[in-house]
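Asker: below is the structure, and that's it, no one-letter string:
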């Protein structure tokens with residue numbers, strides 16, 4: 001479509017900005033509470049409900065705290081929460097067997113939330129790093145993160161979460177072939193309505209630092225994740241990964257991190273037209289929340305502007321730690 005714009009003064013763009021009513025009428029994108037997924041950290045070790053130093057205002061929650069958060073989300077109209085575990089270090093091993101234990105703390109929380117707040121959608125995290133003594137998303141063998149053996153473990157993890165009541169499986173591991181294996185396993189086990197929101201384009205980013213503090217992976221991580229997470233310089237590769245995951249059975253796809261990769265969000269939505277999400281990751285959150293706490297920026301305004309950027313880039317929704325704060329603002 002070729003825009004038709006007469007010359008000045010027939011065209012004065014300021015006319016449509018002159019009042020709040022006209023600005024509202026001309027607004028192209030809108031942010032809704034229905035666009036939000038709230039990531040929540042959970043733990044059964046000492047230190048629940050204490051603020052995470054690198055994430056101002058964010059805490060790790062006990063089982064009861066997680067249920068309370070789910071109720072809060074439902075009351076605010078937030079459609080989904082996403083759970084991330086801080087695992088007791090004594091349970092972290094190189095074999096990662098706690099990851100698919102049907103009675104691990106993570107699966108207990110899923111069941112407790114589903115019993116108390118059945119209307120909230122629960123998204124899970126599927127990766128081995130919270131349970132891995134090496135801090136990696138996959139098994140480490142002789143210094144190499146192995147793919148196919150890891151996928152087998154991720155499938156077991158997926159099924160344990162689905163059996164516990166998960167609505168959305170979130171594979172964040174970036175192993176090759178895991179979406180197809182998970183989809184086949186879910187179908188075979190009768191979990192046909194469990195959806196997969198694939199971390200299809202997850203970059204090896206420096207923005208994840210506070211998250212790794214939150215889940216206790218920072219100290220455990222040996223080396224980096226560049227052999228399985230994406231090179232930040234690549235864009236076309238992200239399109240190939242999204243196409244692959246959709247072909248393998250992903251229902252929705254995600255770009256992670258968010259704001260530094262808005263170009264990827266736009267390309268995914270434009271080229272595939274599928275439900276597209278972004279994760280406003282811990283480093284993005286910490287920069288905004290930390291600067292706001294220090295009085296360097298208008299925190300509320302910057303928070304809302306950052307989330308509108310995702311909508312403008314074509315995202316259908318965003319995972320953000322700001323979700324409850326934004327929901328309260330939108331309800332007023």
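Answerer: Received the coordinates, thanks. Since the structure is predicted, the reported quantities are computational estimates derived from the model, not experimental observations.
Asker: please count neighbours and contacts with C-alpha atoms only from this point.
Answerer: Fine.
Asker: over to the nearest residue to residue 266 once chain neighbours are set aside: give its phi and psi.
Answerer: The shortest distance from residue 266 to any non-neighbouring residue, by CA to CA, 6 or more residues apart in numbering, is to residue 313 (4.8 Å). When read as degrees, to the nearest 10, the backbone of residue 313 gives phi -80, psi -10.
Asker: tell me how far residue 313 lies from residue 150.
Answerer: 33 Å (CA to CA, to the nearest Å).
Asker: what about the strands in the chain?
Answerer: Using DSSP state E, the strands of the chain run over residues 36-43, 60-61, 80-86, 121-123, 140-141, 144-145, 168-169, 195-202, 252-256, 276-279, 317-319.
Asker: which residues are contacting the second one?
Answerer: Spelled out, it's strand 60-61. Strand 60-61 has contacts (CA atoms under 8 Å, 6 or more residues apart in numbering) with 40-43, 47-52, 86, 214.
Asker: just the closest of those to residue 26, please.
Answerer: Nearest to residue 26 among these: residue 40, at 35.4 Å, using CA to CA.
Asker: where are the low-confidence patches of the stretch 151-300 of the chain?
Answerer: 217-219 (pLDDT under 70).
Asker: if we use 90, what do you get?
Answerer: For the stretch 151-300 of the chain, the stretches with pLDDT under 90 are 209-224.
Asker: picking that back up, and the residue nearest to residue 266, what is it in contact with?
Answerer: 262-263, 265-266.
Asker: and those, which of them are buried?
Answerer: Listed as buried from these are 262, 265-266; burial here means 16 or more other CA atoms under 10 Å.
Asker: out of those, who's nearest residue 161?
Answerer: residue 265 (27.9 Å).
Asker: surely that closest one meets residue 314?
Answerer: Yes. Counting by CA atoms under 8 Å, residue 265 does reach residue 314; the two are 6.6 Å apart.
Asker: in the stretch 1-150 of the chain, where is pLDDT below threshold?
Answerer: Along the stretch 1-150 of the chain, segments meeting pLDDT under 90 span 1-6, 9-12, 14, 46-53, 135.
Asker: which stretches in it count as helices?
Answerer: With helices called from DSSP state H, counting those that start in this stretch, the stretch 1-150 of the chain shows them at 20-26, 63-76, 105-116, 148-164.
Asker: thinking again about what came up before, so which of the contacts of strand 60-61 is surrounded by the most neighbours?
Answerer: Among the contacts of strand 60-61, the one with the most neighbours (other CA atoms under 10 Å) is residue 42, at 26 neighbours.
Asker: can you pull the contacts of that one?
Answerer: 48, 60-63, 66, 83-86, 106.
Asker: which of the residues you listed has the most neighbours?
Answerer: Ranked by neighbour count (other CA under 10 Å), the contacts of residue 42 have residue 106 at the top, with 28 neighbours.
Asker: tell me the spacing between that one and residue 85.
Answerer: Where residue 85 is concerned, residue 106 sits at a distance of 6 Å (CA to CA).
Asker: now do residue 136
Answerer: 14 Å.
Asker: right, and out of the buried ones among the contacts of residue 313, which lies closest to residue 34?
Answerer: With CA to CA as the yardstick, the closest approach to residue 34 among the buried ones among the contacts of residue 313 comes from residue 265, at 18.5 Å.
Asker: OK, contacts around the closest one?
Answerer: Residue 265 makes contacts with 255, 276-278, 310, 313-315, as judged by CA under 8 Å, 6+ apart.
Asker: which one of the residues you listed is nearest residue 291?
Answerer: residue 310 (20.5 Å).
Asker: that closest one against residue 257, yeah?
Answerer: No. Under the criterion of CA under 8 Å, residue 310 makes no contact with residue 257, lying 11.3 Å away.
Asker: joint contacts of the two?
Answerer: Among the neighbours of residue 310, those also in contact with residue 257 (CA under 8 Å, 6+ apart) are residue 278.
Asker: now residue 113, nearest residue through space, not along the chain?
Answerer: residue 67 (5.2 Å).
Asker: what about the one you found, distance to residue 86?
Answerer: In this view, residue 67 and residue 86 are 16 Å apart by CA to CA.
Asker: what does residue 169 give?
Answerer: Following CA to CA, the distance that separates residue 169 from residue 86 is 18 Å.
Asker: cool, and residue 133?
Answerer: In this view, residue 133 and residue 86 are 13 Å apart by CA to CA.
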